[in-house]
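Chemist: Based on what follows, work out the 3D shape:
(chains A and B)
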Amino acid sequence: MAENTIALLSFVLTLMVFSYLLGDVPLIGNLYRIAVYIFIGMTAAFTLIVTYEGLILPYLQDIQDPSTNWTTLGNRVDIYIFFTALLFGLLLLLKPVKSLTWLTNSVLAVVIVVGAAVGAVGALTGTLFPLLQATVAIPDNLTADFSALVDTLLIFVGTMTGLYYFHYQARTNADGGVEQSFVGRGFRHIGKVFLVTALGAIYASTVLTCLTILTERIGFLFQFGA
Amino acid sequence: MNEEFNWLEYSESVERAAAEAEENSGRRGLRRFLPGRPKLPRFPNILRRLKLPRLSRPRWPGLPSLPGLPRMPRLPGLRRKAQTQESVQPSTAELLGGQTNRPVEELDDRLRALRERSASGMMGAPPAPAPNQSLLDVDEVLVSPAFQQKPGGVISAVALTKAQQQQVEMLKDIVGGPLGTQESDGRRLPRPTSVFSLSALPRVLGTALLALFVSLPFVSSDFAEGELPPVEFDEDRNSATTFYNLLDNIARDDYILVAFEYGPAAAGELDMLAELLLRHIFAQRATPLIVSSNPIAVVHAQNIIREINRSLSDAHAPLTADEDYYLLRYLPGGALGLRELSENFGDIARVSARGQLTGLEFASLQEMTLMVLITDSAEDLRSWAEQVLPEVTDMQLLVATGFAAQPLAQAYADSVEGVMGPVYGMRDAYTYGEKLHANFSALDPSPPEQEPIVEPVQASDGADGATDSNAVSEPQIERDGPTALPAVSASPEATATSAATETSQPTSTSAPTDTPAPTATEATLLAVEVTSPQRVNIRRGPTTVDDVLALGYPGDLFEVLGTNGDGSWYQIALDNGLEGWVAAFLVEERVITASELAGEETNDSASLPRERAVMRLDFTFRLGKNQPRFYQAQAPAPGDRTELVLTRDRSQEVPRLQAMTLGTLAAVLVIVIGNLFYAARGLLRRRDSSGAR
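Modeler: Sure thing, here's the model as predicted:
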């Protein structure tokens, strides 16, 4: 019974989402919005539940349990961290109070700065260095394998010209116009070819993703109808 | 535009007033509030000379104003004052509202809504729209007149190249157009939309065509178009084969970290792949630890496991949380959460998503056998590659993605050591499922006639009796192909050749499983024994950045061929004739006989538990920095839970794949027709506009 109800709800919600095709028109347009609101509301509710159960509840249980030795979840430092996070969270709630907004901003500044630092370090060690290394790496069997040579050259040229495409330095002519050098324009054009090819591949991949999801939904509709 | 607010002049006048006030008081900054302090030497105010914008100071509540001192004007107050000026630049919505280059009927719904909002939110009396009024020049839009009036100010002018001017013209074409209705008081109101809006017609027709094509295979098998994906990954998909083989080589009770980084929006694409990967892990009785930085993904993972349980019959025990699998608490904070996972895994593994203690005790992430990432987003892959992978050594991250994230995933797999795969999209999922199904069908216990006849490996009387008895209880089974019935082999060396790939592994030909005692007449050789408690990497060269050729396990013996300059690496001979390097601190030198080495190899591949027998390099090749390595797939062991693979519902797979084929055709059709339509309309409009001029 419960499964049938869920399937029926899924069927109705799917049709409501598909009503978006008809545009923002009275009644029908609202169906799409209602489906989206339900999805957002349920997402928020699940997020709250998962956050409470997985993150907050363990600390509360640990604190309330008189037999705990403060080490169930790690050590005492974890508890301090928890209270610090709780304090930060409470300070965020002060955002509507204009005279205390600076407190909220200070908390946000800590989060943003730490996040930026972690992100920057990770980007260097996890993406930039390995990709750079792979870009300039010369395969062992370069002379023996022509395809390896072409592959390496393509990667190198594509990376360099792709980067150069975002280079906007130009000279000012005597008449006040702005003009890039001939070589610079050439690099930009080559870089544009690589970028357009890459973006085209990503676009095609996105279309395939949408098609996959569409087939799944339509398959579900037929399965439900059967 | 004559009454515009000159921000620079105003702020500079304020600064001048403040400087004069400070000079009059004899002190600068906060010092002017302190009585009786000697005057300090003035520090050259470089920032003031540079005329950089001043930062606002926090306004402390309750600070008493001292009599006799001038009040410093506050920047927020200036900002508020600036915002109340009537002559500030109009907003983008207002600018859009004044365009007349394009009929409003041709605008997209969202652009039309933006125009309508601009009409309803117009500040003050709207300027009377002149007929055929063109878009403001970019100089007028982008550059504040106040800045223009200041010689040498921040921006004096914007110079556009010809290409940029063309893009501006194109922008005019896109967003220009008169509003539909106008009230008598001059205030424009939103044009009422109708159910049968013509602007929605192309979209509806295109989608209807797409939906029709996609629906056909579900209606009738007569529309079964397109070939199904192969049951084995193509030869040029070595990375996908490696993905499968690595996951096929996990052992019972191994812990696999599975990252669920997708939510319900991508469920239609990734659920099939995620379910397959989980079933593969479960079937081998390994234990997945599921984590995610997305709370909804945690819930979704629970639903997938519930579906797996639902597919099992009553005769089979369902999967149990915190026993067969662990759903760990979610990782808040995006990259920060992943960083916490990599550095503080032990604490995270202690708590489940339901807030209960799991009882798991891990010192670090290194204790995982593999990491599997299932994601629909390239950003998530980037975060894992940046925050988690650099923190672990010699750990593979298997990446399963959707189509959209595949390009970036491929780049990471080709360039970043440790990233394997990707397996992506529905076609790969189908191939993976067929491969898995064929592999585990060999051990399907349900039909009695298909039950393999097992001939136990002869137990040895030697020192390795314990491991030989293990071989008797868990014989290895060889199969010839994905669909062939299992052929049972009693020869130890055959157990390592049960690969799905056809390349046979050159293993030792010495069959005896008992190890003869070394005699004085036998030649000895220098070997190294793996003494590390963990498996060790055998690399192509004597550095940690070289490719991993094979893995060595505690107790493995390898013949030493040489060392590097400082003796920190041994060059060793591998079973398949290749040569590799292993770090010296992970091994110990031993002098052994050739027969002892051969016996160790034979035992290693024949009688040890399969996690040691199967992790053998089949062949390896290298084109670039991190080309995929092949590991052999293995036949399932009798203790594997084959029902977890064989009970999978596959009824929708073939129609969906055929729908994908037809849908791709329809999508191309829609895109081509749509582009032709808009190109023709653009040409017609251009001809009309040139005729009007």
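
Chemist: Quick check, the residue in the stretch 151-300 of chain B closest to chain A?
Modeler: In the stretch 151-300 of chain B, the residue that lies nearest chain A is B:Gly268 (3.3 Å; C-beta to the nearest C-beta). (Glycine included, C-beta is placed from N, CA and C.)

Chemist: tell me which element that residue falls in.
Modeler: Assigning secondary structure by DSSP states H and E places B:Gly268 in helix B:267-283.

Chemist: Could you point out the helix or strand that follows that helix?
Modeler: Next in sequence after helix B:267-283, counting helices and strands by DSSP H and E, comes strand B:287-291.

Chemist: mean confidence for that next one?
Modeler: Averaged across strand B:287-291, pLDDT comes to 94.

Chemist: Check which helices and strands that strand sits against.
Modeler: Here strand B:287-291 is seen to pack against strand B:255-261, helix B:267-283, strand B:326-327 when contacts are counted using 3 or more C-beta pairs under 8 Å, 6 or more residues apart in numbering or on different chains; DSSP states H and E.

Chemist: hmm, what's the outermost residue in chain A?
Modeler: Within chain A, A:Ala174 marks the point farthest from the mean C-alpha position, 46.2 Å out by C-alpha atoms, centre = their mean.

Chemist: what sits against it?
Modeler: Neighbour list for A:Ala174: empty [criterion: C-beta atoms under 8 Å, 6 or more residues apart in numbering or on different chains].

Chemist: One more: the one 4 residues further on?
Modeler: Shown in contact with A:Val178 (C-beta under 8 Å, 6+ apart): A:170-172, B:159, B:161.

Chemist: export the residues you listed to CSV and tack on secondary structure?
Modeler: What follows is the contacts of A:Val178, written out as CSV (DSSP: H, G, I helix; E, B strand; the rest coil):
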residue, secondary structure
A:Ala170, coil
A:Arg171, strand
A:Thr172, strand
B:Ala159, coil
B:Thr161, coil
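
Chemist: which of those has the weakest pLDDT?
Modeler: B:Ala159 (62).

Chemist: Pop out the phi and psi values for the residue farthest from the centre of chain A.
Modeler: Note on A:Ala174: its backbone torsions stand at phi -70, psi -30 [degrees, to the nearest 10].

Chemist: Equivalent analysis for B:Phe403, please.
Modeler: Dihedral angles of B:Phe403 (phi, psi; degrees, to the nearest 10) stand at phi -60, psi -40.

Chemist: Report whether the expected contact of it with A:Ser205 is present.
Modeler: Yes - the criterion here is C-beta atoms under 8 Å, and B:Phe403 meets it with A:Ser205 at 4.2 Å.

Chemist: Common neighbours of those two, please.
Modeler: When contacts are counted by C-beta under 8 Å, 6+ apart, the set common to B:Phe403 and A:Ser205 is empty.

Chemist: got the angle between the lengthiest helix in chain A and helix B:267-283?
Modeler: Assignment by DSSP state H gives helix A:182-225 as the longest helix of chain A. Between helix A:182-225 and helix B:267-283, the angle comes out at 80 degrees (axes from the mean of the first three to the mean of the last three C-alpha atoms, to 10 degrees).

Chemist: per-residue confidence averaged over helix A:182-225?
Modeler: 87.

Chemist: Check stretch B:387-394 too.
Modeler: Throughout stretch B:387-394, pLDDT has a mean value of 85.

Chemist: Now it: buried residues?
Modeler: Applying a neighbour-count criterion of 16 or more other C-beta atoms under 10 Å in any protein chain shown, one finds B:387-392 buried in stretch B:387-394.

Chemist: End to end on it, go ahead and measure it.
Modeler: Start-to-end span of stretch B:387-394 (C-alpha to C-alpha, to the nearest Å) is 15 Å.

Chemist: touching chain A at all, that stretch?
Modeler: Yes - contact of stretch B:387-394 with chain A (C-beta under 8 Å from any C-beta of the partner chain) involves B:387, B:389-390.

Chemist: okay, and for the stretch 351-500 of chain B, where does confidence drop off?
Modeler: Residues of the stretch 351-500 of chain B meeting the criterion pLDDT under 70: B:442-500.

Chemist: what about 90?
Modeler: Residue ranges of the stretch 351-500 of chain B with pLDDT under 90: B:351-367, B:369, B:377-379, B:386, B:389-396, B:402-421, B:425-427, B:434-500.

Chemist: which bits of it sit near chain A?
Modeler: Proximity of the stretch 351-500 of chain B to chain A, by C-beta under 8 Å from any C-beta, involves residues B:351-355, B:357, B:376, B:382-383, B:385-387, B:389-390, B:402-407, B:411, B:414-417, B:425-426.

Chemist: Can you flag the buried ones in the residues you listed?
Modeler: Among these, those that count as buried by neighbour count (16+ other C-beta under 10 Å) are B:351-355, B:376, B:382-383, B:385-387, B:389-390, B:402-407, B:411, B:414-417, B:425-426.

Chemist: can you tell me which of those residues are in helices?
Modeler: The helices, defined by DSSP H, take in B:382-383, B:385-387, B:406-407, B:411, B:414-415, B:425-426 from these.

Chemist: out of those, who's nearest A:Ile28?
Modeler: The closest of these to A:Ile28 turns out to be B:Met426 (C-beta to C-beta; 30.9 Å).

Chemist: who are the neighbours in contact with the closest one?
Modeler: B:Met426 makes contact with A:212, A:215, B:269, B:272, B:656-657, B:660 under the criterion C-beta under 8 Å, 6+ apart.
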